[in-house]
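In: sequence first, predicted model second:
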Amino acid sequence: MSRRMRSRPLDALPQRILAGAGERIFEALRPRVLENLRKPASENALLWNLIYPLARPHLQLSTLLALRPLWGSGIVADDSLKPYFWGYGLDGVPLNGLSESIDLLGGGEQKTEVDLFLVGSEHLILVEAKHLSGLGRCGRYARGKCPEIHVENVQPGAACRYWEVPEARFDRALDFGPRPTPEGGRPPCSLHYQLGRTLLLALGLGERLGLASHLWLITPGSRWGQIESAWLDFAERVRDPEMWRRLRVLGWESVRGLAGG
C-alpha cells in the first residue's frame, strides 16, 4: 500500500459523493481529482454518481452499445467491463500498464488524465466525461508558447513532442495536416489537443494490453449542439476506419436511464 493511500482521510470527501464513499479508491486519487469532486458543477461527481452504481461489479458492453448514441456507428459486441475511475480500480489499485503508457506519450512530464477506463477481456474504452466544460484545447498554444508556432517565446530548438517523438506523434493516428509552422495559422492539433492525446493513449494502452481500443465521449444532450462540430471535425481526422467505428458519443440522459432515473 502506498503512503498516499494510507494518509488520505476519508472524512475529507465531499458530500456530493452519493454512494461508495468507503471505497479504497478515494485513498489513492490525486488531489486534483478530489478537488474537482468538491466543485458545484463537478464533472467528476457526476461521473462517479452515475457510473458507480451501474458498475458493481462490472458493466456489460452490449448494454452500453444498446443505448442510442448522440453520435456513433452500429457495433455488435459484448464484454464484461471493469471500471477504473481516473485510472484506479475501486480497490485503489491503478490500471496495469497505464503509467507506462502515459509516460511514453507525455515523456514523463505531461500527464494525460482520462475520466474513466472500462477494461474487459477484449475491449478497452477510454471515456471523456463532460458536464459544463468543452473539449480541451492546447494550453501552450493559448498562452502563445507553442514551440512550433510561437518560436520567439520558447527556448531555441524547442519542439512539440506530438510532432517530434515517434511514439507520441499525432500523425500516427490522426490527419492533422502538415507539421505546424509560424506562417500556417492555427493548427488542428491546438483545437483537438485533449481528444488527440486521449486517442493516442487509447491506442498505446490497447496495444500494451492486447485489447481493442475505443474512445467515447459522454456529454449532456442539451450541450451536444455546442460541441458537435468540433467532435465531427476530430472524428473525420481519425485515420483507421476501425478506430473510427469505435468512437462514440453518449448523452448523460441515456446513461442515467440505465439506473432507472
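Out: Done, it's in. Residues are numbered from 1 along each chain as shown.
In: the strands in the stretch 1-150 of the chain, which residues?
Out: Taking DSSP state E, counting those that start in this stretch as the test, the strands found in the stretch 1-150 of the chain are 59-60, 71-72, 80-85, 116-119, 123-129.
In: list the neighbouring strands of the longest one plus their orientation.
Out: Here strand 123-129 has these sheet partners by DSSP bridges: strand 116-119 (antiparallel), strand 212-219 (parallel).
In: could I get those as a markdown table with mean pLDDT, mean neighbour count and distance to Glu23?
Out: For every residue, glycine as well, the C-beta is placed using N, CA and C. Converted to a markdown table, those look like this (pLDDT from 0 to 100; neighbours: other C-beta atoms under 10 Å; distance: least, C-beta to C-beta, whole Å):
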| stretch | mean pLDDT | mean neighbour count | distance to Glu23 |
| --- | --- | --- | --- |
| strand 116-119 | 98 | 22 | 15 |
| strand 212-219 | 97 | 23 | 21 |
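In: among those, which comes closest to Leu105?
Out: strand 212-219 (13.3 Å; C-beta to C-beta).
In: what's the average pLDDT for the helix or strand just after the closest one?
Out: Once the chain leaves strand 212-219, the next helix or strand it forms, by DSSP states H and E, is helix 224-236. The average pLDDT within helix 224-236 is 97.
In: could you export whatever helix or strand comes next after helix 224-236 as PDB, CA atoms only?
Out: Sequence order places helix 241-245 as the next helix or strand after helix 224-236, per DSSP H and E. The C-alpha trace of helix 241-245 is given here as PDB (Å, rounded to 0.1, in the frame of the first residue of the first chain):
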ATOM      1  CA  PRO A 241     -11.600   3.100 -40.200                       C
ATOM      2  CA  GLU A 242     -11.900   0.500 -37.400                       C
ATOM      3  CA  MET A 243     -10.800   3.000 -34.800                       C
ATOM      4  CA  TRP A 244     -13.400   5.500 -36.300                       C
ATOM      5  CA  ARG A 245     -16.100   2.900 -35.800                       C
END
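In: the helix or strand just after helix 241-245 packs against which elements?
Out: Scanning forward in sequence from helix 241-245 by DSSP H and E, the next helix or strand is strand 247-251. Using 3 or more C-beta pairs under 8 Å, 6 or more residues apart in numbering; DSSP states H and E as the contact test, the elements touching strand 247-251 are strand 71-72, strand 212-219, helix 224-236.
In: on that earlier part again, so which of the strands paired with strand 123-129 gets nearest Phe26?
Out: Nearest to Phe26, of the strands paired with strand 123-129 and by C-beta to C-beta, is strand 116-119 at 15.5 Å.
In: thinking again about what came up before, distance to Pro147 for the helices and strands packed on strand 247-251 - can I get that in TSV?
Out: Formatted as TSV, the helices and strands packed on strand 247-251 follow (distance: least, C-beta to C-beta, whole Å):
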stretch	distance to Pro147
strand 71-72	33
strand 212-219	26
helix 224-236	22
